[in-house]
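[1] Model the structure of this input:
(chains A and B)
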Amino acid sequence: MNSPNLPVVSEGSRLTPGELQSVVFARAALGRRGYDEEQVRNFLQYVERELVKIFTDKAALADEVNRLRAQAASGGRGVMAPEDAHFQAVRILSQAQQTADLYVADAERYTRELAHEARLHREAILSDAKGRAEQMLEDAHRKAAAVAEAAVRTAPPQPAPAPSPGSGTLPDGERLALEREIAYLRTYSDVYRTHLRSYLEALLRNVDEWESSERASLPGGNA
Amino acid sequence: MDSQRLKASFAQVAEKGDAVALFFYSDLFVRNPHLRDMFPIGMSGQRDKLLRALGHIVSQVDDLSNLVPFLQQLGRDHRRFGIVAEHYPHVGASLLATLRHFSGTAWTDDIESDWNAAYGLVAKVMLEAADENALSSPAWWNGQVVAVERRRFDISVLRIQPDRPLPYTPGQSVALEVPSRLRHWRYYSMANAPRPDHTVDFHVRLVDGGPVSPVLVRGTQAGDRVRMGAPIGTLTLDESSPRDVLLVAGSTGLAPLKAILEQISRRAVPPRVHLFFGARSRDGLYDLEDLAKLADGFPWLTVVPAVSDEPGGHGFSSLLHSGDDGVEHGNLSDVVARRGPWDGHDAYVCGPSVMVGHTVEQLTRLGVPRDRIRLETFTDAQR
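    A predicted model of the protein is given here:
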């Protein structure tokens, strides 16, 4: 029969100094001296178990201390104060933001360059068109002058000095010059109109193509 | 609160430049992730704005007569971003954390209490102005595009119908936000005096590489929605002045001056008005047709168009334009100067900053007192 105050300690809980002090062994059975041998043996076994447990824990803790010391010395960051964690988060977010800013700036620069090139292209097309138009004018002018010259050169022999009622008072030279001028202007306007018409038609085709390609590049209208 | 100590503290932190604002916003968003949505993806412009505003506030901290109106405007302005009272303490906490972080060992309890007091004042003034403004005005106006006129490949005139009357003075502008570029607000001037149907016109020029103006110029059509902030701006008509009026507009800087012109035209006895409208080339004079019509109808109005980058006089283009149509050649400021004298006039100038700068320079040299020149520059704010 066990003494009621023998430390009956359930597994897992710890031996305390208080428990040791309160241990009371039962007397040995009649005819024998000392304490109940079995109780003492049980108790010693219990103390031994406790000591083993303590030594094991101590060794484990020493290992842990060493590990942490080594980690701290090598600058590792396995354990972090909340404040450091916050700074780390701020740093990461800052980097992400800078990356985003970089992408945005790149995209912006790219569109700016693209637009700049398009503008140059537009300028080139315009100045080319202007150049061609001037050329066309000159061309028309030259052709008209030649045609007028030819017309006047072939015309004079027939109605030589016949003074017609309207222009009767005009001297030959002046009439000739006027006829040449009229012939020139007619031919000039014919040639120029033809040139201009075909050029404008080409331009219109150009604008149509431009519009359709622009529509294709803006899906939904407000992309 | 020791304002000298505060200024010294800010000067020390401000040396770190962009890193300060970068830390501030990151700290703010780590602590309050829900606030991230209130800002655009790219934040570099936003950081510049923050640093400028902080610098301004700190430099004026012992001149409350100037600082308070600035803060009140800032507070009213922030309503359209959806900023409410509960956001202010978060901002304050992150601001303090940022200043502490960049001050290093210079940070003391005294400095901390200086900053706390300063921010408390700033937040209080901004919030009170915002609250007071909320009694009379919405945080923003919703608008619907009712018409788009493409005047040139890079210039459009938009007509917008606000969902409720937008009270403004001709010459003022509003910040505009389009749905496809959320959190990007750009200022545009109303190009007309208030109308009975409340519609407003905006002249928008595409800025290469800009996120907003290309959408407005090329990707907007009738039916599209926009948001508008409260009208602001001081380029408004001096109604008390008996003097004649000189309006100088570069490109889409025409918008506010056209609104002022319309306001003048409603007077019983309008003063004499000279409107100079300049662009680089002839096709940049996108609104000349309408201005010429106005000039025909108003005997007191003279419109002078000018181009700077096109030589006058010969070749195919002059043939197409049938010779002299009254377009002057040269820099707008020189053209204006040639037509003087202007010393008896009130001058209103709006356009690209270089053009505005030159014009103001010329006018003051020609004897126009500086306080009779009102101006606004359209620079990066327009993108």
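[2] So which bits of stretch A:174-194 are buried?
    The neighbour-count check on stretch A:174-194 (16 or more other C-beta atoms under 10 Å in any protein chain shown) flags A:175, A:179-180, A:183-184, A:187-188, A:191-192 as buried. C-betas here are computed from N, CA, C, even on glycine.
[3] Equivalent analysis for stretch A:86-96, please.
    If you call a residue buried by 16+ other C-beta under 10 Å, then stretch A:86-96 has these buried ones: A:87, A:90, A:93-94.
[4] Looking at that stretch now, give me its mean pLDDT.
    If you average the pLDDT over stretch A:86-96, you get 95.
[5] And stretch A:215-223, by the same measure?
    Averaged across stretch A:215-223, the pLDDT comes to 58.
[6] Stretch A:203-212 now?
    The average pLDDT for stretch A:203-212 rounds to 82.
[7] Need the contact partners of that stretch.
    Stretch A:203-212 has contacts (C-beta atoms under 8 Å, 6 or more residues apart in numbering or on different chains) with A:Ala129.
[8] Centre of the chain to that stretch, how far?
    32 Å (C-alpha atoms, centre = their mean, to the nearest Å).
[9] interface residues of chain A facing chain B?
    Residues of chain A found near chain B (C-beta under 8 Å from any C-beta of the partner chain) are A:86, A:89-91, A:93-94, A:97-98, A:100-101, A:104-105, A:108-109, A:111-112, A:115-116, A:119, A:122, A:130, A:133-134, A:137, A:218, A:221-223.
[10] Can you flag the buried ones in the residues you listed?
    When the residues of chain A next to chain B are checked for burial by 16+ other C-beta under 10 Å, the buried set is A:90, A:93-94, A:97, A:101, A:104, A:108, A:115, A:133, A:137, A:222.
[11] These: which two are farthest apart?
    Maximum pairwise distance among these (C-beta to C-beta): 69.3 Å, between A:Val90 and A:Leu137.
[12] Verify the stated contact: B:Arg280 with B:Asp309.
    Yes. If you go by C-beta atoms under 8 Å, B:Arg280 and B:Asp309 touch, sitting 4.2 Å apart.
[13] Output the below-cut-off pLDDT ranges for chain A.
    Filtered on pLDDT under 70, chain A yields the residue ranges A:1-14, A:75-80, A:155-170, A:218-223.
[14] Return the distance of the longest helix seen in it from the chain's centre.
    What stands out as the longest helix in chain A, according to DSSP state H, is helix A:82-154. Distance of helix A:82-154 from the chain centroid (C-alpha atoms, centre = their mean) equals 22 Å.
[15] what about B:Ile260, distance to B:Leu235?
    When distance is defined by C-beta to C-beta, to the nearest Å, B:Ile260 is 8 Å away from B:Leu235.
[16] between the two, who's got more neighbours?
    Higher neighbour count among B:Ile260 and B:Leu235: B:Ile260, with 24 against 21, using other C-beta atoms under 10 Å in any protein chain shown.
[17] per-residue confidence at the more buried one?
    B:Ile260 is assigned 97 on the pLDDT scale.
[18] just B:Gly278 next, same as before
    96.
[19] isn't it right up against B:Glu310?
    No. Here B:Gly278 does not reach B:Glu310: they are 11.6 Å apart, not a contact under C-beta under 8 Å.
[20] list the buried ones in stretch B:284-304?
    B:284-288, B:291, B:294-295, B:300-301, B:303-304.
[21] measure that stretch end to end?
    Length of stretch B:284-304, first residue to last, C-alpha to C-alpha, to the nearest Å: 14 Å.
[22] Mind checking if it is in reach of chain A?
    No. Using C-beta under 8 Å from any C-beta, stretch B:284-304 stays clear of chain A, coming no nearer than 12.6 Å.
[23] Tell me the residues on chain B that lie near chain A, please.
    B:22-23, B:25-27, B:29-30, B:41-44, B:153, B:178, B:180, B:206, B:208-211, B:214-215, B:218-221, B:224, B:315-317.
[24] One more pass at 6 Å, please.
    Proximity of chain B to chain A (C-beta under 6 Å from any C-beta of the partner chain) is limited to residues B:22, B:26-27, B:30, B:41-44, B:180, B:208-209, B:219, B:221, B:316.
[25] Residue nearest the middle of chain A, spatially speaking?
    Chain A has A:Tyr103 as the residue nearest its centroid, 4.0 Å off, counting by C-alpha atoms, centre = their mean.
[26] residue at max distance from the center of the chain?
    Picking chain A for this. Residue farthest from the centre of chain A, counting by C-alpha atoms, centre = their mean, is A:Gly31 at 97.8 Å.
[27] look at chain B instead
    Chain B, farthest from centre, C-alpha atoms, centre = their mean: B:Thr105 at 41.1 Å.
[28] Is the residue farthest from the centre of chain A in a helix, a strand, or coil?
    Judged by DSSP: H, G, I helix; E, B strand; the rest coil, the three-state class of A:Gly31 is coil.
[29] Residue of the stretch 1-150 of chain B nearest chain A, please.
    The stretch 1-150 of chain B approaches chain A most closely through B:Gly42 (3.4 Å), counting by C-beta to the nearest C-beta.
[30] Ramachandran coordinates for that residue?
    Backbone torsions of B:Gly42, given as degrees, to the nearest 10, read phi -80, psi 130.
[31] now the one 3 residues further on
    Per-residue torsions, B:Gly45: phi -60, psi -40 (degrees, to the nearest 10).
[32] try B:Lys49
    Dihedral angles (degrees, to the nearest 10) for B:Lys49: phi -60, psi -40.
[33] Where does pLDDT dip in chain B?
    Filtered on pLDDT under 70, chain B yields the residue ranges B:311-325, B:378-383.
[34] if we go to 90?
    Confidence mapping of chain B against pLDDT under 90 gives the ranges B:1-3, B:61-62, B:153, B:208-211, B:233-234, B:281, B:283, B:309-326, B:340, B:376-383.
[35] re earlier: downstream of the longest helix of chain A, the next helix or strand is which one?
    Counting by DSSP states H and E, the next helix or strand C-terminal to helix A:82-154 is helix A:172-217.
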